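Q: Structure here, sequence nowhere to be found:
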């Protein structure tokens, strides 16, 4: 990084680069492929980046804009404390057989999920059912508690949709995804504070303004 070089380091580095670049030109490397195309691509990329930097340096984002964005997108900045019960099945029964266990069919897993849902509807505690029946051993011991999830969490769209349609205290239907049936419960919902999400708000507004200028 040039900014952290002393004078001697800068001169030495510059001299080496100058000598090597002159040698490259004399050898005619810029007229050969793939070097010619790579050089042109790097030139275009550099010009594009400095143009974007110039646009960014002139952007003005007011406090009012940031706060309004937060209010308008509050659902995206909400997060839910989620518990889950997993009921697994074997999409490839032969793998289970090789591991020396009886394969679980999708139909059997669905039937088990429905039995657990019936138990929950009849008043069973979600945590107790999760501890006894969930196939996810990482969360079963804690009563199925997964933790805090947001709409931006890395989840399959079907699971995310099922979770964020629920209200606190509600339990989902059995949702099939990736060789499992999931039953979710929302324990609590909260909104992240403005200060917590301000960096994301700035990125989103900045990106939108840059795109607007480019268009």
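A: Nice, I can see it. On a predicted model such as this, the values are computed, not experimentally measured, just so you know.
Q: How far does stretch 195-205 sit from its chain's centre?
A: 16 Å (C-alpha atoms, centre = their mean, to the nearest Å).
Q: Name the residues of it that are buried.
A: Using 16 or more other C-beta atoms under 10 Å as the test for burial, stretch 195-205 gives 197, 200, 201, 205. Every C-beta, even on glycine, is put in place using the N, C-alpha and C of the backbone.
Q: pLDDT at the last one, what is it?
A: Reading off the per-residue confidence, residue 205 sits at a pLDDT of 94.
Q: coming back round to it: would you format the buried residues of stretch 195-205 as JSON lines with secondary structure included?
A: Below are these laid out as JSON lines (DSSP: H, G, I helix; E, B strand; the rest coil):
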{"residue": "197", "secondary structure": "helix"}
{"residue": "200", "secondary structure": "helix"}
{"residue": "201", "secondary structure": "helix"}
{"residue": "205", "secondary structure": "helix"}
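Q: Mind giving me the packing neighbours of the helix or strand encompassing residue 45?
A: Using DSSP states H and E, residue 45 sits within helix 35-58. With contacts taken as 3 or more C-beta pairs under 8 Å, 6 or more residues apart in numbering; DSSP states H and E, helix 35-58 sits against helix 194-214.
Q: Now do the helix it packs on and helix 35-58, the angle between them.
A: In terms of direction (axes from the mean of the first three to the mean of the last three C-alpha atoms, to 10 degrees), helix 194-214 departs from helix 35-58 by 120 degrees.
Q: List of residues touching helix 194-214?
A: 52, 55, 56, 59, 61, 65, 66, 67, 69, 70, 73, 77 (C-beta atoms under 8 Å, 6 or more residues apart in numbering).
Q: isn't there a helix covering the fifth one?
A: No. Residue 61 sits outside any helix when classified using three-state DSSP, being coil.
Q: Look up how far residue 121 lies from the closest residue to it other than its chain neighbours.
A: Counting by C-beta to C-beta, 6 or more residues apart in numbering, residue 61 lies nearest to residue 205, which is 5.4 Å off, once chain neighbours are set aside. Counting by C-beta to C-beta, to the nearest Å, the gap from residue 205 to residue 121 is 45 Å.
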